[in-house]
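From the sequence below, what's the structure:
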Amino acid sequence: MKFSYWLNLIFLITIGFLFWSLKEVLILIFAGVIIAMALCTLTGRVAKIIPISRQFCLFISLTSVILILTIAMIIVIPQFTKEFQQLIIQLPSAVKALLEIIIDFIKKLSEIIYGNNSEIITNNDFIFKEFTPLPDGGALANGITDSIKRLLNIAGNLGLGIVQIIFVFSISLMIAFQPDAYREIIIQLTPSFYRRRARHILNECGQALSNWMVGVIISSSFVALLAGISLYLLGIKLVFANALIAGILNIIPNIGPTISTIFPISVALLDAPWKSIAILIAYITIQNIESYAITPSVMHYQVKLLPALTLSAQFIFTVIFGPIGLLLSLPLAVILQVLIKEILIHDVLDKKKIA
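Numbers count the residues shown, from 1 in each chain. Next comes the predicted model:
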């Protein structure tokens, strides 16, 4: 083999190790790119409505986002925080109620099988003694808060977390102000014969991310609305917090909808056990409506991700990047799907002419 071949191989391996060592920084940069794409998408929508310069449209977009976040912090967040704390405090009681239901079911089943003389279960205290005493609501809330802090890697170093947040938003603003300039830098780093294709692929990635964000916002809003209506009709307390949790966690497929059912079911167990079953049925129905009715209706906005690719991306990116990899697994999967389609399939397997 030629010396140039080995030199190129060593160079690629070195670049790979460099990227791996900088993976935590790269995932933060990607988060900034996601926010920048959201700003660019919103700016594009404003530019279609108001025929003014892009800089002024970006200013309007930023002002609108800041205004919405401010209103959310003043109105939505306090109410959500209050209800969410009540949810956390009620979890131990809900677990105890669930255990009592299970024990009662086992006792009745035992009586049916062994008769009234069965001594398999004498009383509930026997079962509860086998379990570690459950913490009270305040202790559990503090424990969950500490776990979330550790999960986000800011418990030990709050200053580093603030720096990371500032870094992400700084990157997003810089890219949003000059998206074309940064795109051209990436294109110039590709070989000259591939630059036209690289420009096309980058445009496809950007369009896919924009479409995914619009579709997710629409579907998550519908899920939150349907969850809120269902919980209200069932007479479940803390409707606002549970509906908002359902909408937010809908962004994370497979895992998110499953987690979102824990809180309303916990509240229902303390009210009426039958309501927990009704909530489970309602949430399953909502997810089916979202999958087969809402998503197809907004499919011209949303990118259709292959289920196997989505699940694999969640697992792989969580292992590589940690919790932030799980949060960004879907946009990463969107980019990965475009790259596989355009580069691996079109340019390599199909051997299409690159021009």
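
Just give me how far the helix or strand harbouring L226 sits from the chain centre.
Here L226 sits within helix 195-233, counting by DSSP states H and E. From the chain centre to the centre of helix 195-233 is a distance of 12 Å (Cα atoms, centre = their mean, to the nearest Å).

ok, and for it, which residues are buried?
Neighbour counts using 16 or more other Cβ atoms under 10 Å place 195, 197-198, 201-202, 205-206, 208-220, 222-224, 226-228, 230-231 of helix 195-233 among the buried residues. Where C-beta positions appear, they are placed from N, C-alpha and C, glycine not excepted.

Next, work out how far apart D271 and I103 are.
19 Å (Cβ to Cβ, to the nearest Å).

To clarify, my last question referred to E184.
E184 is 67 Å from I103, by Cβ to Cβ.

next one: L18
On the measure of Cβ to Cβ, L18 and I103 end up 57 Å apart.

again, but for V267
For V267 relative to I103 (Cβ to Cβ), the value is 21 Å.

Ok, L326 next?
Counting by Cβ to Cβ, the separation of L326 from I103 is 35 Å.

More neighbours: which of these two?
Taking neighbours as other Cβ atoms under 10 Å, L326 and I103 compare with L326 leading, 19 against 16.

I'd assumed G228 was in contact with F240.
Yes: at 7.2 Å, F240 counts as touching G228 under the criterion of Cβ atoms under 8 Å.

domain parsing for the chain?
As assigned by automatic domain parsing, the chain contains the domains 23-177, 193-355.

Need the mean per-residue confidence for stretch 67-81.
The average pLDDT within stretch 67-81 is 73.

Next one, pLDDT for the residue nearest to the spatial centre of the chain please.
In the chain, the C-alpha nearest the mean C-alpha coordinate belongs to I252, at 3.7 Å (Cα atoms, centre = their mean). In this model, I252 is scored at 77, pLDDT.

Same question for L225.
90.

That one: what's it in contact with?
Residues near L225 by Cβ atoms under 8 Å, 6 or more residues apart in numbering: 243, 247.

I289 contacts L226, correct?
Yes: look at I289 against L226 with Cβ under 8 Å: they come within range, at 6.8 Å.

angle of the helix or strand hosting I185 against helix 195-233?
Per DSSP H and E: I185 is located in helix 179-188. Counting by axes from the mean of the first three to the mean of the last three Cα atoms, to 10 degrees, helix 179-188 lies at 130 degrees to helix 195-233.

From the contact counts, what lies against helix 179-188?
helix 195-233 (3 or more Cβ pairs under 8 Å, 6 or more residues apart in numbering; DSSP states H and E).

residues of stretch 337-346 that come out buried?
Buried residues in stretch 337-346 (16+ other Cβ under 10 Å): 337-338, 342.

Now intersect the residues you listed with the strands, please.
Judged by DSSP state E, those include no members of strands.

which among those gets closest to I248?
Taking Cβ to Cβ as the measure, I248 lies nearest Q337 of the buried residues of stretch 337-346, at 23.5 Å.

tell me which helix or strand of the chain sits lowest on mean pLDDT?
helix 124-129 (a mean of 47; mean pLDDT, DSSP states H and E).

Next, P51: secondary structure please.
Three-state call for P51 (DSSP: H, G, I helix; E, B strand; the rest coil): coil.

tally of neighbours for it?
7.

and if you look at L69?
12.

got it, and A38?
So A38, with other Cβ under 10 Å, has 19 neighbours.

Quick check: it touching M213?
Yes: between A38 and M213 there is a contact under Cβ under 8 Å: 5.6 Å.

From L269, how far off is I277?
Applying Cβ to Cβ to I277 and L269 gives a distance of 10 Å.

Give the residue from these two that has the larger number of neighbours.
Each of I277 and L269 has its neighbours counted (other Cβ under 10 Å); L269 has more, 22 against 12.

re the thing from before, okay, and the common contacts of I277 and L269?
With Cβ under 8 Å, 6+ apart, I277 and L269 have no common neighbours.

any low-confidence regions in the stretch 251-355 of the chain?
Scanning the stretch 251-355 of the chain with the threshold set as pLDDT under 70 gives 254, 295-307, 309, 351-355.

So which residues of it form helices?
With helices called from DSSP state H, counting those that start in this stretch, the stretch 251-355 of the chain shows them at 255-260, 262-271, 273-289, 295-297, 307-321, 323-327, 329-339.

Compare the ones you listed and give me the one nearest P179.
Here helix 329-339 is closest among the helices of the stretch 251-355 of the chain (Cβ to Cβ), at 15.7 Å.

Now tell me what touches that closest one from outside.
For helix 329-339, contacts defined as Cβ under 8 Å, 6+ apart pick out 30, 34, 201, 204-205, 208-209, 212, 216, 251-253, 303, 305-306, 309-310, 313-314, 317-318, 325.

re earlier: do you know which of the domains of the chain lies nearest L12?
Ranked by Cβ to Cβ, the member of the domains of the chain that lies closest to L12 is domain 193-355, at 15.5 Å.

Distance from the closest one to the middle of the chain?
Distance, centroid of domain 193-355 to centroid of chain: 7 Å (Cα atoms, centre = their mean).
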